[in-house]
Every structure is written in C-alpha cells, then in structure tokens.
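> Pasting the sequence and the predicted coordinates here, then a few questions.
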Amino acid sequence: MTEIFARPQFRALSDVALSTIRDALTSGRLKPGERLLEAVIAGQMGISRAPVREALRQLAQEGLVVHKPHRGAFVASLSPSDAREVYSLRAALEGHAAYLVSHSATDTELQELLALATAMQLPAQANDLPALIERDFRFHKRLCELAGQKRLMDVWLSMSTQIRAFITITQRIYLPPVEISRRHIALAETLIARDAEAARSMNVKDIMEVGEHVAARLAIG
C-alpha cells in the first residue's frame, strides 16, 4: 500500500520543535525582528530542517512568526493595533465563555475555578510574577474548557501564545498582583452566583483594560 501518512517519529519531532521554538519566543529569548534560520535551529536541536519548517509555519499561523518573501522567517514585531485586536477578540471569547459557564458548569466545577483563583493569592502576596502569570493562565484556560465548545477552546489556545508574547515584550503586568488575584476571585464568585451577564461584563472589562495598557506600552516602545 502506498504510504500516505507521516510517520509518528516525524510528527513527534515537529511537536518538539514547535514547543521549543514557541517557548523561546514567549520567554523573550528570541527578540522581535530576529531572523529564524531553519538550518541553525535544526543544527542546535540535532534534527532535520523539515520539522523546524513545519513548526515555523504553525507559529506563523499563531502570529508569532512572519515570513518575508525572499528573506525567510522572522520573529513577529507586535504593534499596538495587534494588541488591541488580540485582546478585543480574547475579551469577546472569554466573555462568552463566562456566560456559558455560569449556565452550564456544575457546582463542583465552579468551586474548582474559585480554588484556581484563590491559588493566585500566594504568588501575588510574594510578588512572584512568573508563578502568578502561570496561575492566571491556568484559570482562564480552565474557564474556556468548561464552556464546553471545542472551537472556542481552539481559538483561545491560538491566542494564548500571543498573550504570553505581549507580556514578555512589554516585560510587565498592569495591575498590582493582589488586585489581579482579587479580580479573579470576584469573577469566580460571580460565576458561582450564576449571574451570567455580570460575569460576562466583568471578564470583558478586565481583559479590555489590560489590552489598552499593553497597546499603550507598545506605542512608547
């Protein structure tokens, strides 16, 4: 039979290349505008260029890499308009997720969200920003999972890498850490109260506020 599907080993290498390069992008080890040479990346990883090429293609779809004709792949330089676009889409998506969750999640699942929000207090009080950001993402990811819509989750995941990139590029968060924790707890409590419209508007407002801060920061360089 003619071979039709890629071998699992190649797929695994593509996944490894994708996660490794994405991590370098979102952690700031690769800077905006930096050229990404397939041969160099493949050589450092000890793999062929094909998995690297596939990874760069996926990262371009996520908006983290740009391909310039006759020049190759480069780390994307994110602009204020990029920030407003991504955060407005995220606000709409997560506002809808909050609305769905308030109607359909079980009491146990809503208590899980409250526990995730409460877990942000410790890193907030210790000013441990990496841990706080990680728990922030965990909360929002779980919120979107509980919405129960695959496409919503897929879109959120594709945007989450760009959100991490914005945080890395601007090198800051935009509210006091304890306020970030407090707002997440307030959202979880609103969801527990089954106030769908309040949860939607609260989530949209908070995300849009952060998006405007990010856009303003990018505008001044």
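Noted; the coordinates are in hand.
> tell me which element the nearest residue to residue 63 once chain neighbours are set aside is part of?
Computed as C-beta to C-beta, 6 or more residues apart in numbering, the closest residue to residue 63 that is not its neighbour in sequence is residue 162, at 5.3 Å. Glycine gets a C-beta too; all of them are placed from N, C-alpha and C. Per DSSP states H and E, residue 162 falls inside helix 150-170.
> One more: residue 186?
helix 177-192.
> tell me which strands and helices that helix is in contact with?
Of the remaining helices and strands, those touching helix 177-192 by 3 or more C-beta pairs under 8 Å, 6 or more residues apart in numbering; DSSP states H and E are helix 80-104, helix 107-118, helix 121-125, helix 129-146, helix 196-220.
> Distance to residue 33, mean neighbour count and mean pLDDT added to those, as CSV?
Formatted as CSV, the helices and strands packed on helix 177-192 follow (distance: least, C-beta to C-beta, whole Å; neighbours: other C-beta atoms under 10 Å; pLDDT from 0 to 100):
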stretch, distance to residue 33, mean neighbour count, mean pLDDT
helix 80-104, 14, 19, 94
helix 107-118, 36, 16, 98
helix 121-125, 32, 17, 94
helix 129-146, 24, 19, 92
helix 196-220, 14, 18, 91
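> sorry, back to before: so for the helix holding residue 186, mean pLDDT?
What helix 177-192 shows for mean pLDDT is 96.
> what's that helix in contact with?
Applying C-beta atoms under 8 Å, 6 or more residues apart in numbering, the external contacts of helix 177-192 come out as 98, 101-102, 105, 107, 110-111, 113-114, 116-118, 120-121, 123-125, 127, 129, 132, 136, 139, 173, 175, 198-199, 202-203, 206.
> Please apply the same query to stretch 19-30.
36, 41, 45, 52, 55-56, 59, 62, 64-65, 75, 161, 164-165, 168-169, 171.
> quick one, what contacts the most centrally placed residue in the chain?
By C-alpha atoms, centre = their mean, the chain has its centre lying nearest to residue 160, at 1.4 Å. Contact analysis of residue 160 by C-beta under 8 Å, 6+ apart lists 137, 140-141.
> Closest to residue 92 out of these?
residue 140 (13.7 Å; C-beta to C-beta).
> ok, the closest one to residue 79 distance?
Distance of residue 140 to residue 79, computed by C-beta to C-beta, to the nearest Å: 23 Å.
> Check residue 47 too.
As defined by C-beta to C-beta, residue 47 lies at a distance of 33 Å from residue 79.
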